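*Asks:* pasting a predicted model and its sequence here:
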Amino acid sequence: MDETVAEYIRRTVLKIPRGEIKMMLQKWGFLSEAQLQTINFHQIKENISQNVVQLCEENSADIKQAAVLDIIYNHIYPNKRMWSVYQMNKTGEEIEFFDLADFKKKFKRRLRSALINVTINFREYEDNAVWIRVAWGTPYTKPNQYKTSYVVYHSQTPYVFISASVLKSNLPLLCQALVFASNYHDIREMELRSHSLNSLKDIVFKRYSQYCISSQNYVSGFFHFSSQLLFPAADLRIIQENRNEKERIQRVNREIFGDGPLPKLEFAQYKLETMFKSHPKIDVLDKKEPFRCLVKFSSPHLLESLRSLAPAGMADAPLSPLLTCIPQKAKNYFKIRDKKGFFPESFVSP
Amino acid sequence: GVIAFLARLEAQAREAAVKQEELERQEEKLTRLKRRVEELRLQRDELRAKVDLQEKGQHGKEGVVSESAQSSAQAVVEWKIKSIKAMLQIFYLTGVSGKLTKRGVCFCISTAYEGTYLDSYHVDLLTKPEVQIHRHSIPIFIPLEQIANKYLQTDIRRFLAVLSEHLNAYVGRRYQAEQLQEHFSELMEGPLQKNSLCNLLVFNYNVSRKSKAFPLNARLLYGDLCRSLPTEVTVTCTPGAPAALAELATAHSDLFRRVALHKAFRSFGTAEESME
């Protein structure tokens, strides 16, 4: 077995949390159950990984098989990578017959015709998602297994989720191969990025609760909450100040964000390309040029924190549409310009 | 202790109060709707009376109502009745139901296949300034936009019918593929290749659990997204297979086009039994 393959397997196993190693090796299926029995999974990870490498040596693992373990790891821990969403377009309304075998063949052919030194692996999952792992080399060097790009594609949808590697120059090749293999015409990057792959899917596939009107709502009519239900723990001896305002805020918040879980985004970024508007008498800037400013909102769960702003009294309800439009517009990177018809230039009050 | 017990009682009482309020709201709504039905019936009877009077060549108590106005009003009412009847028929036949919302209508499409209820999907429409889709829970790979562009503005009924056809066919195809994987896995060789719409299935299979030497390869193409049976079927056998198997392949090509996939596989089992 190749030295580099051994090292790669060793490092991949080291990434896995100790309690999960056995499960992942079983999913991998490269080592037999009998072989797995010989490993003590309670020792330190260094030793476990050494054992695994030895067994892989016995089975003569090659890089393609090692790559499968990497896919499995990334499929179970997708949130370790940063994902971007791309949208493909096609003209014409013919029915798509997505043939997986055909897709794989075309993808490999197109990518390899541009760059021979690549390692390409595919893995399909029950939810019709195809995971593609590409390790990039150069025309003169073998693929670097530590510089990988991942692509997740659900057949017969126009969206592709890409976690690019450091080498951004390979992105056009990747995009071209995808478009060719899936029979689309072109592809563009959406301004939507997050670590949470599933949340990105929820946003573009419109899968989350605000868009899924539950049958509960549907059957029982409007949500009309009396104050009794809003404050179920209310003791009648306690007087609620500003109850009407609190109810209004709850109602408005519910209309905007819904009740269920929200997709997980870590930030929203607003790049200003507006002109600084100062008092005509106080001319601060000599030249009239756009005010360069970047506003970035970060949070472990941005939409959830936005939802709790108004009830916590930290902002007015309704919030600025610049913030609330994020799931509907499926973007969290904005450019704000001065032109008419675009968003009003109001920010959430701090 | 006691406090915890009292707290529990309080919680129960609260729950009961919530349920009670819910019930009362439902009843109130029911009485409101019943009243509305009565109102509409009254209106209908009034209009009918007018029509009868018109036909008898008399003028009603209301004075001189011009003939053309009356007949056009009648025509409008008739059209409304017809379209409501058509709507109700759609609701009954295709599992589509609707309810009015603040800004439009929300439709629920229930799908079923062979008597098994499957998923429900919702489409929330706004009716002003023009009919448009506000929210929906339709899977992304169903061509909703195409269907909406064709029918939504001109004929909501047709839009719902076509969308419902697509959804029912999709869940039907998916159901067949799932049944195959669940109940006939011992006859399958290797994975079942499908896609999101389940409109292309490729798999290898054997007809009996015993003879697995020459698996057959099937490729089912569902060209019509509104149908749950394939439009094109190709079944081939591995080279070197006995002639009987080649014949079987041809027979299956035809079978899969006419019979649902899991039913076809079920028939293998009985055919095998009858041969023993």
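*Replies:* Looks like it arrived, so ask away.

*Asks:* do stretch A:104-113 and chain B meet at all?
*Replies:* No - using C-beta under 8 Å from any C-beta of the partner chain, stretch A:104-113 stays clear of chain B, with a minimum separation of 10.5 Å. All C-beta atoms are positioned from the backbone trio N, CA, C, and that covers glycine.

*Asks:* need the contact partners of that stretch.
*Replies:* A:118, A:120, A:122, A:132, A:134, A:173-174, A:176-178, A:180-181 (C-beta atoms under 8 Å, 6 or more residues apart in numbering or on different chains).

*Asks:* and if you look at stretch B:243-261?
*Replies:* Here stretch B:243-261 has contacts from B:114, B:172, B:176-177, B:179-180, B:201, B:207, B:214, B:216, B:218, B:220, B:228-231, B:233-237, B:264, B:267, using C-beta under 8 Å, 6+ apart.

*Asks:* state the phi and psi torsions of the residue in the stretch 151-276 of chain B that chain A sits nearest to.
*Replies:* Going by C-beta to the nearest C-beta, chain A is nearest to B:Asn195 of the stretch 151-276 of chain B, at 3.9 Å. When read as degrees, to the nearest 10, the backbone of B:Asn195 gives phi -140, psi -180.

*Asks:* what do you get for B:Lys212?
*Replies:* Torsion angles, degrees, to the nearest 10, at B:Lys212: phi -110, psi 20.

*Asks:* would you check that it makes contact with B:Gly190?
*Replies:* No - using C-beta atoms under 8 Å, B:Lys212 is not in contact with B:Gly190; the gap is 11.5 Å.

*Asks:* what touches both of the two?
*Replies:* Between them, B:Lys212 and B:Gly190 share no contacting residue under C-beta under 8 Å, 6+ apart.

*Asks:* residue 244: which element?
*Replies:* Using chain A. A:Asn244 belongs to helix A:243-257 when assigned by DSSP states H and E.

*Asks:* could you do chain B instead?
*Replies:* Counting by DSSP H and E, B:Ala244 is part of helix B:243-258.

*Asks:* re the thing from before, what pairs with the following helix or strand past the helix holding A:Asn244, parallel or antiparallel?
*Replies:* Counting by DSSP H and E, the next helix or strand C-terminal to helix A:243-257 is strand A:267-275. Counting by DSSP bridges, the strands paired with strand A:267-275 are strand A:290-298 (antiparallel), strand A:333-337 (parallel).

*Asks:* most packed of those?
*Replies:* Sort these by mean neighbour count, taking mean count of other C-beta atoms under 10 Å in any protein chain shown, and strand A:333-337 sits at the top with a mean of 16.

*Asks:* looking at that one now, give me its mean pLDDT.
*Replies:* Here the mean pLDDT over strand A:333-337 is 88, rounded to a whole number.

*Asks:* kindly report the same for stretch A:144-157.
*Replies:* Averaged across stretch A:144-157, pLDDT comes to 94.

*Asks:* dump the C-alpha coordinates for that stretch into PDB.
*Replies:* Output of stretch A:144-157 as PDB, limited to C-alpha atoms (Å, rounded to 0.1, in the frame of the first residue of the first chain):
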ATOM      1  CA  ASN A 144      -3.400  16.500  -3.200                       C
ATOM      2  CA  GLN A 145      -5.800  14.500  -1.100                       C
ATOM      3  CA  TYR A 146      -5.800  17.200   1.600                       C
ATOM      4  CA  LYS A 147      -7.000  19.800  -0.900                       C
ATOM      5  CA  THR A 148     -10.500  18.500  -1.700                       C
ATOM      6  CA  SER A 149     -13.700  20.100  -2.900                       C
ATOM      7  CA  TYR A 150     -17.100  18.600  -2.100                       C
ATOM      8  CA  VAL A 151     -20.200  18.900  -4.200                       C
ATOM      9  CA  VAL A 152     -23.700  17.900  -3.100                       C
ATOM     10  CA  TYR A 153     -26.300  17.600  -5.700                       C
ATOM     11  CA  HIS A 154     -29.900  16.500  -5.500                       C
ATOM     12  CA  SER A 155     -31.000  15.200  -8.900                       C
ATOM     13  CA  GLN A 156     -33.500  17.200 -10.900                       C
ATOM     14  CA  THR A 157     -33.100  20.400  -8.900                       C
END
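
*Asks:* that stretch: which residues count as buried?
*Replies:* Residues A:144-145, A:148-157 are the ones in stretch A:144-157 that count as buried (16 or more other C-beta atoms under 10 Å in any protein chain shown).

*Asks:* show me the contacts for the residue of the stretch 151-276 of chain B closest to chain A.
*Replies:* Counting by C-beta under 8 Å, 6+ apart, B:Asn195 touches A:97-100, A:128, A:155-156.

*Asks:* switch to 7 Å and redo it
*Replies:* For B:Asn195, the contact set (C-beta atoms under 7 Å, 6 or more residues apart in numbering or on different chains) comprises A:98, A:100, A:128, A:155-156.

*Asks:* could I get those residues as CSV with secondary structure and distance to B:Leu126?
*Replies:* CSV is the format used below for those (DSSP: H, G, I helix; E, B strand; the rest coil; distance: C-beta to C-beta, whole Å):
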residue, secondary structure, distance to B:Leu126
A:Phe98, coil, 33
A:Leu100, helix, 38
A:Asn128, coil, 31
A:Ser155, coil, 31
A:Gln156, coil, 28
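
*Asks:* pull the most distant pair out of these.
*Replies:* Spatial extent of the contacts of B:Asn195 (C-beta to C-beta) is set by the pair A:Leu100 and A:Gln156 at 11.1 Å.

*Asks:* could you dump the contacts of stretch A:104-113 into a markdown table with secondary structure added?
*Replies:* Listed next are these as a markdown table, based on DSSP: H, G, I helix; E, B strand; the rest coil:
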| residue | secondary structure |
| --- | --- |
| A:Val118 | strand |
| A:Ile120 | strand |
| A:Phe122 | strand |
| A:Ile132 | strand |
| A:Val134 | strand |
| A:Leu173 | helix |
| A:Leu174 | helix |
| A:Gln176 | helix |
| A:Ala177 | helix |
| A:Leu178 | helix |
| A:Phe180 | helix |
| A:Ala181 | helix |
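
*Asks:* and which of those residues is nearest chain B?
*Replies:* For the contacts of stretch A:104-113, the minimum distance to chain B (C-beta to the nearest C-beta) is 11.9 Å, reached by A:Phe122.
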